[in-house]
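A.B. asks: Pasting the sequence and the predicted coordinates here, then a few questions.
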Amino acid sequence: RPRLYNTALSSVCVASATTSEISHIHVYFRCNIRMAINATMVHQGCMSMRSISRTAFAGSNPRVGLVTPRALTATRPSRRAGQGLSVRCQAGQPRAMSEPLEETEAADSAAAAAEDDGAVTYEQLEDWKSAYRSMTKEHAYWVDPNNVEGAIPLELEGTLFRNGPGLFEIGGKKINQPFDGDGMICQLSFKDGRLHFRNKYVQTKGYVEEQKAGKALFKGAFSTGNPSGMLFQNPFDFDLKNVANTHVVHWGDKLFALWEGGLPHELDPKTLETVGESTWDGQIDGKEFAAHFRTVDGQSGKRFVNFGAAVAGLDADITFYEFDEAGKCLKKNKALLKGGAFGFYHDFLVTENYYVLFENPIQMDFKQLMTEYLMAKCGIAQCLKYDDTKPTKIHVIERSPPAGRRAQLKTFPTVPFFTFHHANGYETSDGKIVCDSVPWRCIDFNFNIDTLKPENYKGGQRSEAFRIELDMRRGTARRSQLMQRACEFPVINPAVAGKKHKHFYCLAAKADDPEMWGPAQVVMKVSTEDSKTNLTPTVVTDGWYAGRRVFPQEPVFVPRKNGTAEDDGWVVLAVYDAETLLTDVVVLDAQNLAAGPVAKIHLPHHIPPGLHGSWSDSYFGPVDIPASVVKPTIRSAADDTMLV
């Protein structure tokens, strides 16, 4: 997205499935570590996608979905509609749903018993892992209208770009950390009720050279082993392969693939051909450019706001950038975070007057660095340790300081937690900054896809939605939990970025429980209403449960053109179906997720679990839309290369 899958891959938190279920914690780890201490960033990603028959979402006993062993087939089963349910509760006091969860097909008695127990099974984890197969072919085709259930809204016109690892082996050797996989861009172009699909790998220097050599040549942030084959490696060499696999954005008439450990790669938005590594016309300082950006209103038009986190000894040297709609850098602001070299700065927030950056309590284990890492027995990410004796620090930096001086910095120490992603932040009239985020209880970078077990989904590392209020006048921080269900990958309507919002969308666990969770299988809408009698807001949730063997990826909100309400639009996402081993693209009504898909578009192949995506109102598909289509020649799902 807890994305939470703990991503085992990156050894990042068991949460791979976690908290937001999020089936995969896509933990990106942007390793910024240089010379001595270089910090690194881990980004948890999260969900794998795929939706099959919609079953009822809700239930007083909603438990982590369990999967019984079934023969995997490349043919699609019949689908039946399910039901949804909304819930209202006071923040910090989530209530269980009022009706039992209904399945769209009869479950075997043993499976039902296990599901009632709230346990994740090994079968379910195998289903989830089955999405991690390399997508070795690059496609460009119109989806056959006969493969669409429902109808694609005619008003839905534009392009959804998705980025994520697509290759999980090099030269026949498995990459033991999928999030070190090479970035693959998916282009989903919608027009006149039709969908055109295209995918292509980002032609990074590392990808091109390794494909030519037929073997791994470069180190990844999470993978173990020395690509050179030698028993030892330089413990102070932190140069990593830029995999360009974390995010993608269309801005200034250009398309960029982002990976926070290095510079972005420019692509052609129509063909997805790689132009090359980019400094945005020399406007980016250094080699760091985060994968999580914000688009906010400026004095004239929209602004693209991002940051780069470099290491300066034991400190973090942060540079904030603001670009206009043409891609011209309007301002750069600097902030030095003392002792913050390893803070894991993956995401941030922008309000009217401030940038907000969370510094996680992460320390470098130098003993492990000089022993296991030196002997190529672990990845650099595994040398980073969560320290619950240290506070999480929330830094607030002014956006518009007077000319000639650095931006002022105000720091709020809080209880320890780990944060990958935020929904949104805004300022209030009484001098507060409100941040809606999904902090993790803790994080352990030693978990990976091979070590993840069902028992990891009982408490432990999981992420939950919280509202954090920073009182700029008093210098205090206060947080309240918005819901107990584990969740991740929060997104909003981009129009309200930096402003007061009412809704955000995310991936979530099936279990509505303070301890039980599992791979993400629910798309949630979280709506807040200010309480007149309580400092914490009232929370109303709406959700769509994708199915027992179905795993959704990060949702993307697409506003309806000329819409007036904040939630007037659609939620578009990919979902992976472990029964068919294929992927669907799902369109949901953002005002009523529980009603189920407005359209479910069956692709003739699978898409590996992605990390992040963004919407462009520009249509980049072919000009001519055929009345009928020729089905593309594609291998069967069973022929795809399996990671596990």
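C.D. replies: Received it, and whenever you're ready, just let me know what you need. Numbering: from 1, shown residues only.

A.B. asks: State the distance from the residue of the chain most remote from its centre to Thr319.
C.D. replies: Distance to the chain centre peaks in the chain at Gly404, reaching 37.3 Å (criterion: C-alpha atoms, centre = their mean). Between Gly404 and Thr319 the computed distance is 17 Å (C-beta to C-beta, to the nearest Å). Glycine gets a C-beta too; all of them are placed from N, C-alpha and C.

A.B. asks: again with Asn306
C.D. replies: Asn306 sits at a distance of 9 Å from Thr319 (criterion: C-beta to C-beta).

A.B. asks: The two - which one has more neighbours?
C.D. replies: Asn306 (25 against 19; other C-beta atoms under 10 Å).

A.B. asks: Let me know the helix or strand that that one is in.
C.D. replies: Following DSSP states H and E, one finds Asn306 within strand 302-312.

A.B. asks: got a list of contacts for the helix or strand that that strand is followed by?
C.D. replies: Using DSSP H and E, the next helix or strand after strand 302-312 towards the C-terminus is strand 315-323. The contact list for strand 315-323 (C-beta atoms under 8 Å, 6 or more residues apart in numbering) reads 39, 251-252, 280, 283-286, 288, 298, 303-311, 329-341, 343, 345, 355, 357, 359, 397, 399, 407.

A.B. asks: Check whether Pro416 really touches Ile362, as I assumed.
C.D. replies: No: here Pro416 lies out of contact with Ile362, judged by C-beta atoms under 8 Å, at a distance of 10.3 Å.

A.B. asks: more neighbours, the two?
C.D. replies: Comparing Pro416 with Ile362 by other C-beta under 10 Å, the one with more neighbours is Ile362, at 23 against 17.

A.B. asks: quick one on the thing from earlier: Leu573 versus the residue farthest from the centre of the chain, what's the distance?
C.D. replies: 46 Å.

A.B. asks: For stretch 264-279, measure first residue to last.
C.D. replies: Start and end residues of stretch 264-279 are separated by 7 Å (C-alpha to C-alpha, to the nearest Å).

A.B. asks: tell me which residues in it are buried?
C.D. replies: 264-267, 269-270, 272, 274, 277-278 (16 or more other C-beta atoms under 10 Å).

A.B. asks: Stretch 575-595 too?
C.D. replies: 575-591, 593-594.

A.B. asks: for the protein, what are the low-confidence residue spans?
C.D. replies: Filtered on pLDDT under 70, the chain yields the residue ranges 1-118, 224-226, 228-238, 533-535, 628-644.

A.B. asks: for it, what spans make up the helices?
C.D. replies: Remark: helices assigned in the chain by DSSP state H are 109-116, 122-129, 205-213, 366-368.

A.B. asks: Asp513 is nearest to which of those?
C.D. replies: helix 109-116 (12.3 Å; C-beta to C-beta).

A.B. asks: Just give me the neighbour total for Glu209.
C.D. replies: Neighbours of Glu209 using other C-beta under 10 Å come to 12.

A.B. asks: Same check on Ala477?
C.D. replies: Neighbour number of Ala477 under other C-beta under 10 Å is 19.

A.B. asks: picking that back up, which neighbours do Pro416 and Ile362 have in common?
C.D. replies: With C-beta under 8 Å, 6+ apart as the test, Pro416 and Ile362 both reach 386-387.
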